[in-house]
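Visitor: Sharing a model prediction with you, sequence too.
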Amino acid sequence: MTLNQYVRDVQDFPKPGILFKDITPLLANPAAVRECMALLKNRLAERNIDKVVGAESRGFFFATLLAYELNAGFVPVRKPKKLPYTTLKATYQLEYGTDTLEIHIDAIKPGERVVIHDDVLATGGTAKALCELVEKLGGEIVQCNFLMELSFLKGREKLLPYEVYAPLVY
C-alpha cells in the first residue's frame, strides 16, 4: 500500500504560502489506518512503553490507537486552558507563529518510558516542547514518532538526540 496517496495537499492553509498535508483521506480509509498503525507499532513493539503522549489535536488520532496497541496509557497534551487539572506549560515556535501546550502535572511519573506522537514533524517546535514537558515530569523519551515528516524543514535536527520515526517523509 502506498500511504502517500491518502495524504492530500492543500495550498495556502492555514495561511498563504503554506502547503498543508491533510490526513483526513487517510483517516477515512481503514486499510490505510491499519497500515500506519502497523508501521508505528512495529518500531515500538518490544520497547516496554508506559505512556504515549499525543499533541492536540491531530496527534490524538494515532496516539490513542498506538497507546491501545502497546497496552500503554494515553496522555493528551492540549492548548492552554483545555485541561481541567493543574498543568505544566511550554511555549514553542511553529513554522507559521508561536503556540503553547499544557500537560497535567501528574500525567507522567518519574522513570516512565514515553513515546511522543504527533501527526507531522515540521520545524520540530511542537515535538521539542512535548519532550521538554515529558522530561520535566521525569519521563524517559523512547521515541518521537510522527505520521509524516517534512524533511526540508529540518525539524529532526531540533530533536537530537531523540530517536525519530515517520513512515511518510516529504
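Guide: Looks like it arrived, so ask away. Numbers count the residues shown, from 1 in each chain.
Visitor: How many residues are close by the nearest residue to Phe74 once chain neighbours are set aside?
Guide: Spatial nearest neighbour of Phe74, excluding adjacent residues (C-beta to C-beta, 6 or more residues apart in numbering): Ala67 at 3.9 Å. For every residue, glycine as well, the C-beta is placed using N, CA and C. Per other C-beta atoms under 10 Å, the neighbour tally for Ala67 reads 21.
Visitor: Likewise for Cys36?
Guide: 25.
Visitor: After the one helix or strand the residue nearest to Phe74 maps to, which helix or strand is next?
Guide: Assigned by DSSP states H and E, Ala67 belongs to helix 59-69. The helix or strand immediately downstream of helix 59-69 is strand 73-77, counting by DSSP H and E.
Visitor: by how many degrees do that next one and helix 59-69 diverge?
Guide: For strand 73-77 and helix 59-69, the angle between their directions (axes from the mean of the first three to the mean of the last three C-alpha atoms, to 10 degrees) works out to 170 degrees.
Visitor: right, and Gly139 touches Glu112 too?
Guide: Yes: using C-beta atoms under 8 Å, Gly139 is in contact with Glu112, at 5.0 Å.
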